[in-house]
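Chemist: next input, structure requested:
(4 chains)
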Protein chains: 2
Amino acid sequence: MSIDKVARVAGVSTATVSRVLNGNPGVKPLTREKVLAAIATCDYQPNLLARQLRTSRSNMLLVLVSSILNPFCAGVVRGIEEEAEKNGYHILLCNSESRLNRESAYLRLLSGKVVDGVITMDAISCLPGLTALIGDSPWVQCGEGDPGYNASSVTIDNGLAAKAAVDYLVEQGYQRIAMINGDVRYLYASQREAGYREACEGRWQQVVYTESLEYQAGFQAMEQLLALPDKPDAVFAISDSLAGGALACAHQRGLKVPEQLAIVGFDGIPFGEITTPPLTTIAQPIHQLGVRSVQLLLERIDNPAMTPVYEMLPWSLVQRGSA
Amino acid sequence: MSIDKVARVAGVSTATVSRVLNGNPGVKPLTREKVLAAIATCDYQPNLLARQLRTSRSNMLLVLVSSILNPFCAGVVRGIEEEAEKNGYHILLCNSESRLNRESAYLRLLSGKVVDGVITMDAISCLPGLTALIGDSPWVQCGEGDPGYNASSVTIDNGLAAKAAVDYLVEQGYQRIAMINGDVRYLYASQREAGYREACEGRWQQVVYTESLEYQAGFQAMEQLLALPDKPDAVFAISDSLAGGALACAHQRGLKVPEQLAIVGFDGIPFGEITTPPLTTIAQPIHQLGVRSVQLLLERIDNPAMTPVYEMLPWSLVQRGSA
DNA sequence: CTGTTAGCGCGTTCAG
DNA sequence: CTGAACGCGCTAACAG
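Modeler: Residues are numbered from 1 along each chain as shown, chains lettered A, B, ... in the order given. Okay, the predicted model is just below:
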């Protein structure tokens, strides 16, 4: 069931079978027919590993994600997969959950030639050991961009977007605007905090940090804020899921949203449309972030000498009921 | 930067380098040192493709999922990844979105020896072309089990669980219990519907079908139900996300939950804990479904002649505020 | 304990 | 237009 057998059955050489397999021109139609027939009768399936070894191209992309349970990440992955498929690539997904040894195990596939390049959606730039594993392999950062590396990036302007969200709350007349932030080792987190600080300059400020981006974390963060002597009347959360948790907490406390407490989220995931009230949020171009990441990565794979591109995609403030 | 160079630098043969690389016993400590030193100075990274070709083992598992945006699927994938990592395996994720050509492109990696086995969480048994692509490769069905194939499966007893959910609604005194179902080509969907029908025998019955499992679909389904001349006073939804959409619709209509409308979901995803009121639901052992799937798959990989195992894991009715 | 040899299955020169 | 021969980088069998 290898190419030799097909060749024997067809009465040709392996080279000819290979040519037919790869749509190589310059095979007499009659010969091609014979080969195709042999392939069919043998039920031949090419060994992709051998092909990859020979061509030193795997047509596989590694995608490193902090948590696949995060709908924002999942949405980006969908975009990645779509564009990858268009170009004949497959996806190897590493759901790191910030586990260092898991991440390095996957990154080793880069030097091992199992994947042609990597897209990271994790705070990888904080982990020097990992960037060393990537070395000069084709690399695109998605969702946050640290220009300190030989990697392209696809993001939005996190600082500006955060500032716009908080400015909006200010315009609506809210006085004490708090922020629920995540892990500030992520560049996007610190950039959004900077945007918040800028918009709140000379005003009341309060930031709470969570360990994860899951609903429960947002709920707990909101509890902390409501336990303050000076309670906020508005909250800017760094993700819609955190905002959703905060909203649940407000409901439980009997707070009217947005009258007594306004909430603005970030990301623009579908979940935000069905909360009561629906979430006002900063919508990221989720799908497009994935698509562009793949496009830039493939460019880099085809031309390893290419200089990194730092791309910022447009975002928008989506005004719904929560603020 | 291949094994030959390391061998030359260390002054040994490639075989010895290989032995050191694979922790093979029977290498003189001194020689081992020399080899390790050479590996370090060369900054040598083994070519995994070559190794995989040689050993005809890739240590990769294909995971076929209908939608990664579904938190249930994402949770299972997490379990899969954890158990895979424990055993030195990596995951190749195909987010099929029911796209036939995407699924077949990934399944071809099976015959292409790029992956050692596959776990499917999709209604693959409805698609004869795909099962043919799998052939006799190691295969585990997760979340639904069609015994008509040479594949193990890990599921819960969907019929019984659905019946328990509806029985609970009956016990609470609800009279007109409707069901929001998804795509019945999925075995689990038809099994849960059977459970619903059984519990509702001799009573009012009404089933609405959705195209997807996303919130919006649940919202729309609920709208359909509320447009009925004879409205339901309770709803059993096939997934928590659909239930969440239904809940949002109820809120928008000003219906009190659970007094005027009770809602029971299915899956037990974290989202259900933060809705108002929180969702009563059937909790599946999400993580464990993934873990066991990998375990059964690895057994099958090690012993291809193994007869399929059909495993059912325990579930539970989690009583919260929505019913 | 170590080296030599022989493939794994394929794509790709280079002749003819 | 086709075939013979080589090698991608590695592991495994067999000698020594």
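Chemist: how about the strands in the stretch 201-323 of chain A?
Modeler: With DSSP state E, counting those that start in this stretch as the criterion, the stretch 201-323 of chain A has strands at A:206-209, A:234-237, A:262-267, A:280-283, A:310-312, A:316-318.
Chemist: right, so these: which one is the most enclosed?
Modeler: Highest mean neighbour count of these: strand A:234-237, a mean of 30 (counted as mean count of other Cβ atoms under 10 Å in any protein chain shown). In short, each C-beta sits where N, CA and C put it, glycine included.
Chemist: what helices and strands are in contact with it?
Modeler: Applying 3 or more Cβ pairs under 8 Å, 6 or more residues apart in numbering or on different chains; DSSP states H and E, one finds that strand A:234-237 contacts helix A:158-171, strand A:177-181, helix A:215-226, helix A:240-252, strand A:262-267.
Chemist: skipping its backbone neighbours, what lies nearest the residue in the stretch 201-323 of chain A that DNA strand D sits nearest to in space?
Modeler: The nearest approach of the stretch 201-323 of chain A to DNA strand D comes at residue A:304, 15.8 Å away (Cβ to the nearest atom of the strand). Nearest non-adjacent residue to residue A:304, counting by Cβ to Cβ, 6 or more residues apart in numbering or on different chains: residue A:138, 6.7 Å away.
Chemist: mind listing what the one you found touches?
Modeler: A:116, A:117, A:118, A:297, A:300, A:301, A:304 (Cβ atoms under 8 Å, 6 or more residues apart in numbering or on different chains).
Chemist: neighbour-wise, which one of the residues you listed leads?
Modeler: Tallying neighbours with other Cβ atoms under 10 Å in any protein chain shown puts residue A:297 at the head of the contacts of residue A:138, with 29 neighbours.
Chemist: my guess is that residue meets residue A:137, correct?
Modeler: No: counting by Cβ atoms under 8 Å, residue A:297 does not reach residue A:137; the two are 10.3 Å apart.
Chemist: what are the ranges of the helices in chain A?
Modeler: Secondary structure of chain A (DSSP state H): helices located at A:3-10, A:14-21, A:29-42, A:48-55, A:71-86, A:100-111, A:128-134, A:158-171, A:187-199, A:215-226, A:240-252, A:286-302.
Chemist: quick one on the thing from earlier: shared neighbours of residue A:297 and residue A:137, which are they?
Modeler: Shared contacts of residue A:297 and residue A:137, defined by Cβ under 8 Å, 6+ apart, comprise A:117, A:118.
Chemist: could you report the pLDDT at the nearest residue to residue A:71 once chain neighbours are set aside?
Modeler: Leaving out its chain neighbours, the residue that sits closest to residue A:71 by Cβ to Cβ, 6+ apart is residue A:269, at 4.2 Å. The score at residue A:269 is 96. That number is its pLDDT.
Chemist: quick check: residue A:269 touching residue A:75?
Modeler: Yes: if you go by Cβ under 8 Å, residue A:269 and residue A:75 touch, sitting 6.6 Å apart.
Chemist: check contacts around the nearest residue to residue A:165 once chain neighbours are set aside.
Modeler: Closest residue in space to residue A:165, ignoring its immediate chain neighbours: residue A:264 at 4.9 Å, by Cβ to Cβ, 6+ apart. By Cβ under 8 Å, 6+ apart, residue A:264 lies in contact with A:165-166, A:168-169, A:234-237, A:243, A:279-282, A:322-323.
Chemist: tell me the contacts of the residue of the stretch 151-300 of chain A found nearest DNA strand C?
Modeler: Nearest residue of the stretch 151-300 of chain A to DNA strand C (Cβ to the nearest atom of the strand) works out as residue A:298 at 18.3 Å. Shown in contact with residue A:298 (Cβ under 8 Å, 6+ apart): A:87, A:89, A:117.
Chemist: next, the closest residue to residue A:131 other than its chain neighbours: phi, psi?
Modeler: Nearest residue to residue A:131, sequence neighbours excluded (Cβ to Cβ, 6+ apart): residue A:149, at 6.2 Å. Dihedral pair for residue A:149: phi -130, psi 170, per degrees, to the nearest 10.
Chemist: for residue A:149, give me its contacts.
Modeler: Counting by Cβ under 8 Å, 6+ apart, residue A:149 touches A:125, A:131, A:139, A:141, A:308.
Chemist: check residue A:199 too.
Modeler: A:162, A:163, A:166, A:167, A:170.
Chemist: if we use 6 Å, what do you get?
Modeler: When the contact criterion is Cβ atoms under 6 Å, 6 or more residues apart in numbering or on different chains, the partners of residue A:199 are A:163, A:166, A:167.
Chemist: and it, what's its pLDDT?
Modeler: In this model, residue A:199 is scored at 97, pLDDT.
Chemist: mind checking how far it is from residue B:217?
Modeler: Separation of residue A:199 from residue B:217 (Cβ to Cβ, to the nearest Å): 37 Å.
Chemist: relative to DNA strand C, how far out is the closest residue to residue A:300 other than its chain neighbours?
Modeler: Once flanking residues are discounted, residue A:300 sits nearest to residue A:138: 4.2 Å by Cβ to Cβ, 6+ apart. The spacing between residue A:138 and DNA strand C, counted by Cβ to the nearest atom of the strand, to the nearest Å, is 20 Å.
Chemist: what does residue A:305 give?
Modeler: Using Cβ to the nearest atom of the strand, residue A:305 is found at 21 Å from DNA strand C.
Chemist: so how many other residues sit close to that residue?
Modeler: Residue A:305 has 5 nearby residues by other Cβ under 10 Å.
Chemist: if we can go back for a sec, pull the contacting residues for the residue nearest to residue A:71.
Modeler: By Cβ under 6 Å, 6+ apart, the neighbours of residue A:269 are A:71, A:72, A:240.
Chemist: most surrounded residue in those residues?
Modeler: With neighbours taken as other Cβ under 10 Å, the top of the contacts of residue A:269 is residue A:240, carrying 31 neighbours.
Chemist: mind pulling the model confidence for the spatially closest residue to that residue that is not a sequence neighbour?
Modeler: Distances taken as Cβ to Cβ, 6+ apart place residue A:265 nearest to residue A:240, at 3.9 Å, with adjacent residues excluded. pLDDT recorded at residue A:265 is 98.
Chemist: so residue A:265 makes contact with residue A:238?
Modeler: No: under the criterion of Cβ atoms under 6 Å, residue A:265 is not in contact with residue A:238, lying 8.3 Å apart.
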